[in-house]
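Participant: sequence first, then the predicted structure:
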Amino acid sequence: MIFAKKAVLGTVALLASLAVTPVLAQGTLRIGMTASDIPLTTGQTDQGGEGMRFMGYTVYDGLINWDLSSADKASGLVPGLATSWEVDKADPTRWVFKLRDGVKFHDGSDFTADAVIWNIEKLLNDKSPQYDSKQAAQGRSRIPAVASYKALDPKTVEIRTKTPDAFLPYQISWVMMSSPAQWEKLGKDWNKFAQTPSGTGPWKVTAFQPQTRAELSPNKDYWDKARVPKLDKMVLLPIPETATRTAALRSGQVDWIESPSPDAVPSLEKAGLKIVSNAYPHNWTWHLSMVEGSPWTDIRVRKAANLAVDRDGLKVLLNGLMIPAKGFVTPGSPWFGKPTFDVKFDPEAAKKLLAEAGFSKAKPVTAKILISSSGSGQMQPLAMNEYIQQNLADVGIKVEFEVAEWNTLINLWRAGAKSDLAKGGNGINFTYFIQDPFTAFIRHLDSKLVAPNGTNWGYYQNPEMDALLEKARTTFDAREQDAVLQKIHEKIVNDALFLFVTHDVAPRAMSPKVTGFVQAQNWFQDFSPITMK
């Protein structure tokens, strides 16, 4: 059984705090996040994808942004602080970015090519005065292709990659642009910057109390006039416990909660609250260790685990709020391909594979999995993991859990399976953004990206996969690239490199007063069109 060590910690105090919060203006939206703290406010956020959702693409921009305007189609990249970017046909390691005119940071200073270089240096150059280890921990692994960078003129930036890499634009979209002038003004102190941050985004941070709340107000001078927020204010509240979030919504103390408890959905709807969800590129997996001594180095054990999970039963547990996994990406993805291993519920086939590997219910495989108690994209991790734990026990795989707070689990993930921090864990329950080829495949599978160089947590190293990844990176034609990505995904599934469980549908519960929200098929969302009745 799983016990959330801090399941009720702070619940009474938090509800009391919310209860005394004064009634806010009609144009104020109050959001209960799953995070246990306010995401890092300096640019590169922590708290996983939820951090970027609420404190990344709100307060900041990248050179390249995501189109978050549609609920009906997958999001694509769009110009952000760069109006265009292109690879040099004569030298595919050289990219040129043309910057947008007239953009200012919240403090009034100009956004220029020098600011771009300064922001890349804050992540990659530990000798630069502005280098920030906290932001580097969040952003460095997102841009492993970058070899060098320079300003060609005030509105043009050159970035060179270590080798030809067609996926650089996706990587660059993760780099949030903080104000060099504000950092200088505050004594070159990132801690002070965190209190009064300055980006170029559609929202400004106007109040900030760690672990308690953050208040964001519209940037009326935002460069994209169509995305100037319509609300007067947005308030972010960290409420990691599902029951507490739900209670806060029911009582009217917040207007919106992330990831409501599935069993509460019917009663929330009956009470007139809205449930909004959408398919989006995100999976819920166990990332398996391939380190010597791990039980998952045996493909028969990996396949048996995948055949032991009753995903339809899990869907009932989640009140329908999931898409059962058939692989790392959904069957509708252009990268799915035609894998030969069918990910399904077949416990008898699982027992047969385990018997071939020398295991049974009487002599079980033993595994230790690192999991979180809550967190961005983790859905309902305690209940879901407990369900899977029982499924696996039924066929002869005995699992114990190490439960950690979400941000701690992120650090364990970055440290890798060989780290002492993993406490002997040979698997980690982690949810993955799978919207672009780098974050979907390369960062997990490239043998060069094992810790500390990247987030290949399980130390998977396979020459055939490396060759496929290199081919995908150096294929700039979209159709040809998709064909290579299909082969990559086929190998992921056929070799059962992960425990494939589900794809999230990102449910949110909110007051009927919330209008204008369009839930994009993306980790990130646009809060600018929202109004309150």
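Facilitator: Perfect, thanks for sending it. Numbering: from 1, shown residues only.

Participant: ok, which stretches of the stretch 201-350 of the chain are helices?
Facilitator: Assigned by DSSP state H, counting those that start in this stretch, the stretch 201-350 of the chain shows helices spanning 242-250, 265-270, 299-308, 311-317, 347-356.

Participant: pick the most buried one from these.
Facilitator: Neighbour counts (mean count of other C-beta atoms under 10 Å) averaged over each of those peak at helix 299-308, with a mean of 23. Backbone N, C-alpha and C define where each C-beta goes, glycine included.

Participant: now what about that helix, what contacts it?
Facilitator: Contact with helix 299-308 is made by 286, 288, 295-296, 341, 343-347, 349-351, 353-354, 356-357, 359, 365, 391-392, 394-397, 495-497, 499-500, as judged by C-beta atoms under 8 Å, 6 or more residues apart in numbering.

Participant: could you rerun that using 7 Å?
Facilitator: By C-beta atoms under 7 Å, 6 or more residues apart in numbering, the list of residues contacting helix 299-308 from outside reads 288, 295-296, 341, 343-344, 346-347, 349-350, 353-354, 356-357, 365, 391-392, 394-395, 397, 495-496, 499-500.

Participant: re earlier: in TSV, list the helices of the stretch 201-350 of the chain along with distance to residue 101.
Facilitator: Output for the helices of the stretch 201-350 of the chain, formatted as TSV (distance: least, C-beta to C-beta, whole Å):
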stretch	distance to residue 101
helix 242-250	43
helix 265-270	46
helix 299-308	52
helix 311-317	50
helix 347-356	60
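
Participant: dump those helices into CSV; add mean pLDDT as well.
Facilitator: Listed next are the helices of the stretch 201-350 of the chain as CSV, based on pLDDT from 0 to 100:
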stretch, mean pLDDT
helix 242-250, 94
helix 265-270, 95
helix 299-308, 98
helix 311-317, 96
helix 347-356, 98
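
Participant: can you tell me which of those comes nearest to residue 195?
Facilitator: Comparing the helices of the stretch 201-350 of the chain by their distance to residue 195 (C-beta to C-beta), the top pick is helix 242-250, with 25.8 Å.

Participant: output the contacting helices and strands for the closest one.
Facilitator: Helix 242-250 is packed against helix 11-19, strand 28-33, strand 256-258, with contacts defined by 3 or more C-beta pairs under 7 Å, 6 or more residues apart in numbering; DSSP states H and E.

Participant: and the lengthiest helix in the chain, how far out from the chain middle?
Facilitator: As assigned by DSSP state H, the longest helix anywhere in the chain is helix 478-494. With C-alpha atoms, centre = their mean, to the nearest Å as the basis, helix 478-494 stands 22 Å off its chain's centre.

Participant: what's the angle between that helix and helix 299-308?
Facilitator: Interaxial angle, helix 478-494 versus helix 299-308 (axes from the mean of the first three to the mean of the last three C-alpha atoms, to 10 degrees): 90 degrees.

Participant: residues touching helix 478-494, excluding its own?
Facilitator: Helix 478-494 is contacted from outside by 166, 327-329, 334-341, 343, 437, 441, 465, 468-469, 471-472, 475, using C-beta under 7 Å, 6+ apart.

Participant: among those, which ones are buried?
Facilitator: Neighbour counting by 16 or more other C-beta atoms under 10 Å classes 166, 327-329, 335-337, 339, 341, 343, 437, 441, 465, 468-469, 471-472, 475 among the contacts of helix 478-494 as buried.

Participant: got the contact list for residue 155?
Facilitator: In this structure, residue 155 makes contact with 98, 99, 101, 113, judged by C-beta under 7 Å, 6+ apart.

Participant: go again with 8 Å.
Facilitator: 98, 99, 101, 112, 113.

Participant: how about those residues in CSV, adding pLDDT, distance to residue 59 and secondary structure?
Facilitator: Shown next, in CSV, are the contacts of residue 155 (pLDDT from 0 to 100; distance: C-beta to C-beta, whole Å; DSSP: H, G, I helix; E, B strand; the rest coil):
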residue, pLDDT, distance to residue 59, secondary structure
98, 98, 24, strand
99, 98, 19, strand
101, 97, 21, coil
112, 98, 19, coil
113, 98, 21, helix
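
Participant: who wins for most neighbours among these?
Facilitator: When neighbours are counted by other C-beta atoms under 10 Å, residue 99 leads the contacts of residue 155 with 22 neighbours.

Participant: for residue 204, see how far away that one is.
Facilitator: Distance of residue 99 to residue 204, given as C-beta to C-beta, to the nearest Å: 21 Å.

Participant: before we move on, what about residue 427?
Facilitator: Here the criterion is C-beta to C-beta. By it, residue 427 lies 41 Å from residue 204.

Participant: okay, these two: which has more neighbours?
Facilitator: A direct count of neighbours by other C-beta under 10 Å for residue 427 and residue 204 places residue 427 higher, at 27 against 22.

Participant: run a quick neighbour tally on residue 35.
Facilitator: By the criterion of other C-beta under 10 Å, residue 35 has 29 neighbours.
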